[in-house]
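Asker: Okay, structure incoming, though there's no sequence with it:
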(Lines give C-alpha, C1' and ligand atoms only; values in the text may rest on other atoms or scores of the structure.)
Protein backbone atom coordinates (compact mmCIF):
# COMPACT_ATOMS: atom_id res chain seq x y z
CA UNK A 1 0.00 0.00 0.00
CA UNK A 2 1.42 3.43 -0.86
CA UNK A 3 1.36 6.44 1.42
CA UNK A 4 -1.06 8.03 -1.05
CA UNK A 5 -3.45 5.08 -0.56
CA UNK A 6 -3.02 5.31 3.21
CA UNK A 7 -3.82 9.02 3.05
CA UNK A 8 -7.01 8.26 1.13
CA UNK A 9 -8.04 5.35 3.37
CA UNK A 10 -7.63 7.33 6.59
CA UNK A 11 -8.73 10.71 5.20
CA UNK A 12 -5.36 11.97 6.41
CA UNK A 13 -3.78 15.35 5.99
CA UNK A 14 -0.20 15.49 4.68
CA UNK A 15 1.84 17.75 6.95
CA UNK A 16 5.33 17.00 5.61
CA UNK A 17 6.89 15.04 2.78
CA UNK A 18 4.06 15.34 0.30
CA UNK A 19 6.48 14.51 -2.52
CA UNK A 20 7.09 11.03 -1.03
CA UNK A 21 3.54 9.65 -1.16
CA UNK A 22 4.47 7.02 -3.75
CA UNK A 23 6.48 5.11 -1.12
CA UNK A 24 5.24 1.52 -0.61
CA UNK A 25 4.47 0.46 2.97
CA UNK A 26 3.97 -3.16 4.03
CA UNK A 27 4.35 -2.98 7.83
CA UNK A 28 3.32 -0.67 10.66
CA UNK A 29 4.02 -0.19 14.34
CA UNK A 30 1.59 1.60 16.67
CA UNK A 31 2.96 3.07 19.90
CA UNK A 32 3.24 6.15 22.05
CA UNK A 33 6.25 4.72 23.87
CA UNK A 34 9.24 5.51 21.66
CA UNK A 35 11.43 2.89 23.35
CA UNK A 36 8.99 0.28 21.97
CA UNK A 37 9.36 1.75 18.49
CA UNK A 38 13.16 1.53 18.82
CA UNK A 39 12.94 -2.08 20.03
CA UNK A 40 10.37 -3.50 17.62
CA UNK A 41 9.72 -1.33 14.54
CA UNK A 42 11.23 -2.40 11.23
CA UNK A 43 12.86 -0.22 8.60
CA UNK A 44 10.32 0.86 6.00
CA UNK A 45 7.37 0.59 8.37
CA UNK A 46 4.96 3.40 9.16
CA UNK A 47 4.95 4.63 12.75
CA UNK A 48 1.44 5.26 14.10
CA UNK A 49 1.37 7.45 17.21
CA UNK A 50 -0.49 10.09 19.15
CA UNK A 51 2.70 11.93 20.01
CA UNK A 52 3.61 15.14 18.20
CA UNK A 53 7.00 16.21 19.57
CA UNK A 54 10.17 16.34 17.43
CA UNK A 55 11.38 13.12 19.11
CA UNK A 56 9.00 11.09 16.90
CA UNK A 57 10.87 12.31 13.83
CA UNK A 58 14.26 11.55 15.37
CA UNK A 59 13.11 8.03 16.28
CA UNK A 60 11.60 7.50 12.81
CA UNK A 61 14.95 8.51 11.33
CA UNK A 62 16.90 6.11 13.55
CA UNK A 63 14.55 3.20 12.79
CA UNK A 64 14.34 4.22 9.10
CA UNK A 65 10.54 4.41 9.15
CA UNK A 66 9.01 5.33 5.82
CA UNK A 67 6.48 7.71 7.42
CA UNK A 68 4.75 8.87 10.59
CA UNK A 69 0.98 8.80 11.01
CA UNK A 70 -0.32 10.97 13.85
CA UNK A 71 -3.75 10.00 15.17
CA UNK A 72 -6.66 11.71 16.95
CA UNK A 73 -6.47 14.74 14.66
CA UNK A 74 -3.40 16.10 16.38
CA UNK A 75 -1.18 18.57 14.56
CA UNK A 76 2.48 18.69 15.62
CA UNK A 77 4.31 21.91 16.41
CA UNK A 78 6.20 23.66 13.63
CA UNK A 79 9.56 22.35 14.89
CA UNK A 80 8.37 18.74 14.36
CA UNK A 81 7.20 19.46 10.82
CA UNK A 82 10.40 21.37 10.00
CA UNK A 83 12.57 18.48 11.23
CA UNK A 84 10.49 15.99 9.23
CA UNK A 85 10.95 18.08 6.08
CA UNK A 86 14.71 18.32 6.72
CA UNK A 87 14.99 14.53 7.19
CA UNK A 88 12.52 13.83 4.34
CA UNK A 89 10.15 11.81 6.52
CA UNK A 90 6.49 12.13 5.49
CA UNK A 91 4.11 13.06 8.31
CA UNK A 92 0.36 12.52 8.02
CA UNK A 93 -2.43 13.29 10.47
CA UNK A 94 -5.76 11.47 10.73
CA UNK A 95 -8.77 12.08 12.94
CA UNK A 96 -9.11 8.34 13.59
CA UNK A 97 -7.97 7.02 16.98
CA UNK A 98 -4.93 4.74 17.19
CA UNK A 99 -6.98 1.54 17.35
CA UNK A 100 -9.20 2.43 14.38
CA UNK A 101 -6.33 3.67 12.20
CA UNK A 102 -4.32 0.51 12.91
CA UNK A 103 -7.33 -1.71 12.24
CA UNK A 104 -8.12 -0.05 8.93
CA UNK A 105 -4.53 -0.46 7.79
CA UNK A 106 -4.47 -4.11 8.89
CA UNK A 107 -7.75 -4.80 7.07
CA UNK A 108 -6.12 -3.42 3.93
CA UNK A 109 -2.99 -5.58 4.01
CA UNK A 110 -0.58 -3.72 6.29
CA UNK A 111 0.81 -6.10 8.93
CA UNK A 112 2.60 -5.45 12.20
CA UNK A 113 6.38 -5.41 12.48
CA UNK A 114 6.28 -8.37 14.88
CA UNK A 115 3.55 -10.88 15.56
CA UNK A 116 3.83 -11.09 19.34
CA UNK A 117 6.26 -10.98 22.22
CA UNK A 118 6.75 -14.38 23.85
CA UNK A 119 8.76 -13.21 26.83
CA UNK A 120 11.74 -11.07 27.74
CA UNK A 121 13.91 -10.82 24.64
CA UNK A 122 11.77 -13.28 22.67
CA UNK A 123 9.99 -11.86 19.64
CA UNK A 124 7.88 -13.86 17.18
CA UNK A 125 8.67 -12.38 13.75
CA UNK A 126 6.19 -12.13 10.91
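Answerer: That came through fine. Just so it is clear, the structure is predicted and the values come from calculations on it, not from any experiment.
Asker: so where's the protein uncertain?
Answerer: Applying pLDDT under 70 to the chain picks out residues 119-126.
Asker: Show me where it has its strands.
Answerer: Secondary structure of the chain (DSSP state E): strands at 13-16, 27-30, 46-49, 67-70, 91-93, 111-112, 114-119, 122-125.
Asker: got those strands as CSV, with distance to residue 1 and mean neighbour count columns?
Answerer: From N, CA and C alone the C-beta is placed, and that goes for glycine too. Output for the strands of the chain, formatted as CSV (distance: least, C-beta to C-beta, whole Å; neighbours: other C-beta atoms under 10 Å):
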stretch, distance to residue 1, mean neighbour count
strand 13-16, 15, 18
strand 27-30, 10, 22
strand 46-49, 9, 26
strand 67-70, 11, 26
strand 91-93, 13, 24
strand 111-112, 11, 16
strand 114-119, 19, 11
strand 122-125, 20, 10
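Asker: I'd like those strands laid out as TSV, including distance to residue 58.
Answerer: Shown next, in TSV, are the strands of the chain (distance: least, C-beta to C-beta, whole Å):
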stretch	distance to residue 58
strand 13-16	14
strand 27-30	16
strand 46-49	11
strand 67-70	11
strand 91-93	13
strand 111-112	22
strand 114-119	22
strand 122-125	23
